[in-house]
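Student: Sequence plus the predicted model coming up.
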Amino acid sequence: MNRLRLRAFTAIPFVLALAVHLLLLATWYDRLPDPLATHFSGVDGRPDGYTGLATSVAVSTALLLAAGVCWVLWVRRAALWGAWATAGFTGSLLDLFLKGNLDAAEGSAARFPLAMISLGFVIGGLAALVGLGLTRLVPKDPVPETDPDAAAWIELGAHEVAGWSRTTSSLFLTVLALVFTVAGIGLLLLAPWPFALFGLLGLVIGVCGLVLARVRVTVDRHGLTVTYTVLPAFRTRVPFDDITAVTARDINPLREYGGWGYRVRVHGTAVVLHAGEAIVVRRASGRDFAVTVPDAATGAALLNTLRERTASGAADAPGERI
């Protein structure tokens, strides 16, 4: 029920933005030139690119619908304001473009001063405040229980040390990231302004998706480490002194984290590449960190053993690595 309410609150601003845009199009249709000026340059906003009126209507409608669907699918409670900000800024910018073309004898007579963009940011900011207020109406997600005794133990001799490492990847995230990257590059190179701005957004999403699509999960004397193999300099590490409980359990990405990738929820963060088994640790802050990985039970068991050994002061015992 919480998830349904969150998605409804997420869809509302995009529905409103699309309704207002279509209403303005219907009201001003006879007062708009064909083709519309859709690309402007200079401080005074003189047009240097044009799009047919019908094509412009189709693109603006598809843009709002696509943005709305993406937000509805991947939104989380703490980011509801972002959905409202996106809808407010995008919708107002599209409407301001129509206003700039209004009553122009032809597209070349339209004007869109760059200062008009600031009005779009103001509207987007006001919409963000509305979304932030609505967050209070969405109950926080329950915190999943993490049983300290759920992970098994691995018996190690007094002079033995051990490490565990697995690489995991997501074909879905890889393909999706490539689509966003290619689409972003295409929009940056070919789309009229300001639609090209969405190319930059697509490029950022695509690159971040590629970084998150393949990770190496390691359990050793440092604790639990997740290394992003595309950019190995970036990693997430949870040391032993920040771990209060360890378990291995199955994760449902949509129900528990609202999607895939690097997820931030009220009850914790996660690197989620697929549904199924994951190592879940309860941190000293009371929040969880989870990472989906094959053979999670073995990794969790070793992490449990090394954590207890570290706590007893035996973590640095010399021995043969196995």
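Tutor: Done, it's in. Just so you know, these numbers come straight off a predicted model, no measurement behind them.
Student: Name the nearest residue to the residue sitting nearest the centre point of the chain, ignoring sequence neighbours.
Tutor: Compute the mean C-alpha point of the chain, and by Cα atoms, centre = their mean the closest residue is residue 74, 6.9 Å away. Distance criterion Cβ to Cβ, 6 or more residues apart in numbering; nearest residue to residue 74, sequence neighbours excluded, is residue 259 at 4.4 Å. C-betas here are computed from N, CA, C, even on glycine.
Student: For residue 71, give me its contacts.
Tutor: 10, 14, 82, 83, 86, 87 (Cβ atoms under 8 Å, 6 or more residues apart in numbering).
Student: What's the ChimeraX line that selects buried ones from these?
Tutor: Command for ChimeraX, covering only those of the contacts of residue 71 found buried under the criterion 16 or more other Cβ atoms under 10 Å:
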select :10,14,82,83,86,87
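Student: closest to residue 137 among the contacts of residue 71?
Tutor: residue 10 (12.3 Å; Cβ to Cβ).
Student: hang on, the closest one packs against residue 77?
Tutor: No: using Cβ atoms under 8 Å, residue 10 is not in contact with residue 77, being 10.0 Å away.
Student: re the thing from before, and the residue nearest to the centre of the chain, how far is that from residue 104?
Tutor: Distance, residue 74 to residue 104, using Cβ to Cβ, to the nearest Å: 39 Å.
Student: biggest separation within the contacts of residue 71, which pair?
Tutor: For those, the farthest-apart pair by Cβ to Cβ is 14 and 82; their separation is 12.3 Å.
Student: just for the chain, where's the confidence low?
Tutor: Within the chain, the ranges that satisfy pLDDT under 70 run 1-2, 39, 41-45, 47-49, 107, 114, 141-160, 191-195, 312-322.
Student: what about the helices in it?
Tutor: Counting by DSSP state H, the chain has helices at residues 2-28, 53-74, 80-101, 116-134, 171-190, 195-212, 296-311.
Student: Can you check which of those gets nearest to residue 40?
Tutor: Nearest of the helices of the chain to residue 40, taken as Cβ to Cβ: helix 80-101 at 7.8 Å.
Student: and residue 73, how many residues sit next to it?
Tutor: 12 (other Cβ atoms under 10 Å).
Student: And for the one 3 residues further on?
Tutor: Residues within reach of residue 76, counting by other Cβ under 10 Å, total 19.
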